[in-house]
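Got a predicted structure plus its sequence, pasted below:
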Amino acid sequence: MDAQALEEHLFRREAGRLVSILTGLFGIQNLALAEDVVQDAFCRALETWKFHGVPENPSAWLLTTARNRAFDVLRRERTASKYAPDLEQFLTSEWTMRPVIDEAFDAGGINDVQLRMMFSCIHPKLPEETQLALVLHLLCGFAIEETAAAFLKKRGALERKLSRAKRTLATSTELFELKGARDVAARLPAVLRVIYLLFNEGYHGASPDAPIRRELCGEAMRLVELLLSNPLTASPATHALAALMYFLAARLSSRLDSEGHLLLLVDQDRTRWDADLIAEGRRQMELSASGDELTPYHIEAAIAERHAAAKGLNDTDWAGIVSLYTTLMRLRPSPVVALNRAVAIAQRDGPARGLAEIEAMPERKRLAKYPFFFTAIGEFQLRLGRRAAARQAFETALGLARNPAERQFLGGRVHGCGDLSCNTAVPEERS
Amino acid sequence: MNEFALLYRDTVEARQQRMGSPEKAQQEMAKWQAWFKDMTEKGQLKTLGQPLELAGKVIGGKKKTITDGPFSETKDIIGGYSVIVANDLDEAARIGSGCPILDSGGQVEVRPVRQM
């Protein structure tokens, strides 16, 4: 028997691809049928591979199996069901059916059909949160309970929300068309936003048991690479988002120490940052520099690049970072951006200025539950030698910690208040 | 050494549950691969066996009535079989108890192969 191990998450990724292909063929109103066919293909794979071993090219095997099942379904139901309108006439005859199915499964179109599915999921009538769940469920192959777990939602509630969302999608008969440049450009910002949120969920996620969930970051990167694969969707903003994600991904593995404890930027071992990913980030940044659109992704990528370029805190371009945060506040103001700007100012001008910035933040109340708001105050106070005030701030932060890694980290800060060698905590930029 | 057939028995619900998501399916497969590998390394596996299709017919009675099956009447399905070697039935049962199907609502039936 061939004991070849399957690539991690292969089934899940293939499920996303296959659902997109089959939906392209059957029409989006037959999404449930597409999902059934995919489920059936996986059952077959599992039963067969268990005994005969994994084939050399498991993806091709699954693709062929799904294609054969699509034939069966269309033969059986071609007169009873409605399919994608522009394909319907071909699917009614056995003779014309084969080329249409072969084309749907042709490798050349697989990226595009996933993009069409992605744009369909970002339906303007759906709230952002639902769009995000749909993308993870349909394109990334996460089952409903896995999707619920990813966003800390109750399974039942999410299931109802997703089935309502699928009905909304089914009001169209076809997947989103990628042909019209204007339609694509109009929906692209919302698509980028959802991918950005997915990445953030993995990078900063408030999951109770894991501060970083690489899988979600990996899925977001896969989706952005899909966008980069088509000239219509590979806009400067897409390149900027890709650059940001590569820079942040480069330091993913250094965000936790060997015991899984959260490390702030200052404590991270920069030699562990992934040079290849940083290089790819720089390449994407260059590609993002065309056109006249300046998006928050451009700015966030530039900030991440400044951190990547520095050997440590002392030779970091804090002046440049402050001015980038100032621009970001103009493009997309948020209390977290303001906080990060204050931290950068403290690095540039000293803790007293940082503290003054925080006190001047108009929306500081909105950070009342954000542990790193109080962490920053604590660090500034500590550097000013006010241990009691520092300790109080760290204790407040500890009370707000969202996962064991944060609790462990902030507990250490509370205890460390007697120790003035503590470094300034620089929460990683999050907006 | 004697030969024993392991029949992998399953229910429709258990199977659906197990295949509930691509991720679960992949984890399930990895468990089976590991189990087969373990038996192979220990020299316990005589024949890996074959998976059986779920669709089928059941022929019964003197009239040879053919019905769609096999699970039209019972929800119990045999999803496949393997042949192992062991000293006795007890040892065979111990080997069979490592089968991943047991983690998710299935059963393993251990039957000595009658020798000629």
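That came through fine.

low-scoring pLDDT stretches of the chain, where are they?
I went with chain A, as the question did not name one. Along chain A, segments meeting pLDDT under 70 span A:1-4, A:78-81, A:86, A:205-212, A:257-261, A:418-431.

that's the wrong chain, I meant chain B
Looking at chain B by pLDDT under 70, you get B:69-75.

so where do the strands sit in it?
B:2-11, B:45-51, B:56-60, B:65-69, B:76-86, B:107-112 (DSSP state E).

Which among those is found nearest to chain A?
strand B:45-51 (4.2 Å; Cβ to the nearest Cβ). The C-beta positions use only the backbone N, C-alpha and C, and glycine is treated the same way.

can you state the direction angle for that closest one and strand B:2-11?
30 degrees (axes from the mean of the first three to the mean of the last three Cα atoms, to 10 degrees).

list the helices and strands strand B:45-51 packs on?
Helices and strands touching strand B:45-51, by 3 or more Cβ pairs under 8 Å, 6 or more residues apart in numbering or on different chains; DSSP states H and E, are helix A:31-52, helix B:22-41, strand B:76-86.

Make CSV out of the strands of chain B and add mean neighbour count and distance to A:Ile358.
Shown next, in CSV, are the strands of chain B (neighbours: other Cβ atoms under 10 Å in any protein chain shown; distance: least, Cβ to Cβ, whole Å):
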stretch, mean neighbour count, distance to A:Ile358
strand B:2-11, 19, 61
strand B:45-51, 17, 64
strand B:56-60, 12, 71
strand B:65-69, 11, 72
strand B:76-86, 19, 63
strand B:107-112, 16, 63
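
Mind checking the ones you listed for the one nearest to A:Leu63?
strand B:45-51 (20.1 Å; Cβ to Cβ).

Send me the closest one as PDB with only the CA atoms.
C-alpha atoms of strand B:45-51 as PDB (Å, rounded to 0.1, in the frame of the first residue of the first chain):
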ATOM      1  CA  LEU B  45      -2.100  -7.900   7.700                       C
ATOM      2  CA  LYS B  46      -2.700 -10.700   5.200                       C
ATOM      3  CA  THR B  47      -4.900  -8.900   2.800                       C
ATOM      4  CA  LEU B  48      -5.800  -5.300   2.900                       C
ATOM      5  CA  GLY B  49      -9.100  -6.100   1.400                       C
ATOM      6  CA  GLN B  50     -11.400  -3.900  -0.700                       C
ATOM      7  CA  PRO B  51     -13.900  -1.200  -0.100                       C
END
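
Name every strand pairing with it and say which way it goes.
Looking at strand B:45-51 with DSSP bridges, its partner strands are strand B:76-86 (antiparallel).

Taking strand B:56-60 as reference, get the angle to the strand it pairs with.
Using the same axes, to 10 degrees: strand B:76-86 against strand B:56-60 is 90 degrees.

in chain A, what residue is nearest chain B?
Per Cβ to the nearest Cβ, A:Ala143 is where chain A lies closest to chain B, at 3.0 Å.

OK, contacts around A:Ile144?
A:137, A:155, A:158-159, A:162 (Cβ atoms under 8 Å, 6 or more residues apart in numbering or on different chains).

what's the closest of these to A:Met117?
For those, the nearest to A:Met117 is A:His137 (11.1 Å; Cβ to Cβ).

The closest residue to chain A within chain B: neighbour count?
Per Cβ to the nearest Cβ, B:Ser21 is where chain B lies closest to chain A, at 3.0 Å. Other residues lying near B:Ser21 total 21 when counted by other Cβ atoms under 10 Å in any protein chain shown.

what do you get for A:Asn68?
Neighbourhood size, A:Asn68 [other Cβ under 10 Å]: 14.

helix, strand or coil for it?
Assigned with DSSP: H, G, I helix; E, B strand; the rest coil, A:Asn68 falls in the helix class.

Quick check: it vs B:Met19, distance?
Remark: distance between A:Asn68 and B:Met19 (Cβ to Cβ, to the nearest Å) = 18 Å.

same deal with A:Pro124?
34 Å.

Which one's more surrounded, the two?
B:Met19 (18 against 9).

Turn the helices and strands packed on strand B:45-51 into a markdown table, including distance to A:Val266.
As requested, the helices and strands packed on strand B:45-51 are exported to a markdown table (distance: least, Cβ to Cβ, whole Å):
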| stretch | distance to A:Val266 |
| --- | --- |
| helix A:31-52 | 46 |
| helix B:22-41 | 36 |
| strand B:76-86 | 55 |
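
To A:His204, which of the ones you listed lies closest?
Comparing the helices and strands packed on strand B:45-51 by Cβ to Cβ, helix B:22-41 comes nearest, at 23.1 Å.

For the residue nearest to the residue of chain A closest to chain B when sequence neighbours are not counted, list the residues it contacts.
Of all residues not flanking A:Ala143 in the chain, B:Ser21 sits nearest, at 3.0 Å (Cβ to Cβ, 6 or more residues apart in numbering or on different chains). Residues in contact with B:Ser21 (Cβ under 8 Å, 6+ apart) are A:12, A:141-143, A:145-146.

Which helix in chain A has the most residues?
Counting by DSSP state H, the longest helix found in chain A is helix A:181-204.

I'd like the next helix or strand past that helix.
Note on helix A:181-204: by DSSP states H and E, the next helix or strand toward the C-terminus is helix A:214-228.

Show me what counts as buried in that following helix.
Using 16 or more other Cβ atoms under 10 Å in any protein chain shown as the test for burial, helix A:214-228 gives A:215-221, A:223-224, A:226-228.

same check, this time on stretch A:390-399
Within stretch A:390-399, judged by 16+ other Cβ under 10 Å, the buried ones are A:390-398.

Provide the contact partners of it at residue level.
So stretch A:390-399 is in contact with A:371-375, A:377-379, A:381-382, A:407, A:410-411, A:413-414, A:417, going by Cβ under 8 Å, 6+ apart.

Output it in PDB with nothing but the alpha carbons.
Included here for stretch A:390-399 are C-alpha records, laid out as PDB according to Å, rounded to 0.1, in the frame of the first residue of the first chain:
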ATOM      1  CA  ALA A 390       2.000  51.000  35.700                       C
ATOM      2  CA  ARG A 391       0.900  48.100  37.900                       C
ATOM      3  CA  GLN A 392      -2.600  49.300  38.000                       C
ATOM      4  CA  ALA A 393      -2.800  49.600  34.200                       C
ATOM      5  CA  PHE A 394      -1.300  46.100  33.700                       C
ATOM      6  CA  GLU A 395      -3.800  44.700  36.100                       C
ATOM      7  CA  THR A 396      -6.700  46.300  34.200                       C
ATOM      8  CA  ALA A 397      -5.200  44.800  31.000                       C
ATOM      9  CA  LEU A 398      -4.900  41.400  32.600                       C
ATOM     10  CA  GLY A 399      -8.600  41.500  33.500                       C
END
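
Determine how far it lies from the middle of the whole chain.
Computed by Cα atoms, centre = their mean, to the nearest Å, the chain-centroid distance of stretch A:390-399 equals 31 Å.

Having no further points to raise, I will conclude here.
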